[in-house]
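Colleague: missing the sequence, but the structure's below:
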């Protein structure tokens, strides 16, 4: 009986180590360029230290009606209305939690000028579910992004 318990314990330990190692290797699977569900923008997700961030790198409509690059006109802070949308960091401070999930981050929506709590889940190599919410993730909206360029 003791031998079976010992073997079982080491088997569990071995598989736990393999699983945690696989997740650690998969943490950067989110890196690359992603197109949002509406097809109106692309976000490049990158890493700073152990956190993940994203910035707008392409806009379907890059210029305003006057032909000038679009700016952050919907931001509640009037001082930021002149900052360009292209290059804007709209994903911030995500942490990899394992199981293809990145959580504890924020997403900024330039269409509304609002910042939301956010979590992301990699469904497959080229599909990312991005869920913005207020308070708890139950009260939010999920957008499905498609990979354009893998890092």
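Modeller: That came through fine. What you are looking at is a predicted structure, and each value in this text was computed from that prediction instead of being measured.
Colleague: CA atoms for contacts and neighbours, from now on please.
Modeller: Noted.
Colleague: From residue 79, how far off is residue 37?
Modeller: 29 Å (Cα to Cα, to the nearest Å).
Colleague: So which of the two has more stuff around it?
Modeller: The neighbour comparison of residue 37 against residue 79 (other Cα atoms under 10 Å) goes to residue 37, with 16 against 10.
Colleague: Name the next helix or strand downstream of the helix or strand of the chain with the lowest mean pLDDT, please.
Modeller: None of the helices or strands of the chain scores lower by mean pLDDT, DSSP states H and E than helix 2-26, at a mean of 47. Next helix or strand after helix 2-26 toward the C-terminus (DSSP states H and E): strand 32-35.
Colleague: And the contacts of that next one?
Modeller: By Cα atoms under 8 Å, 6 or more residues apart in numbering, the residues outside strand 32-35 that reach it are 41-46, 145-151.
Colleague: Tell me the one among those nearest to residue 61.
Modeller: Among the contacts of strand 32-35, residue 41 lies closest to residue 61 (Cα to Cα), at 8.5 Å.
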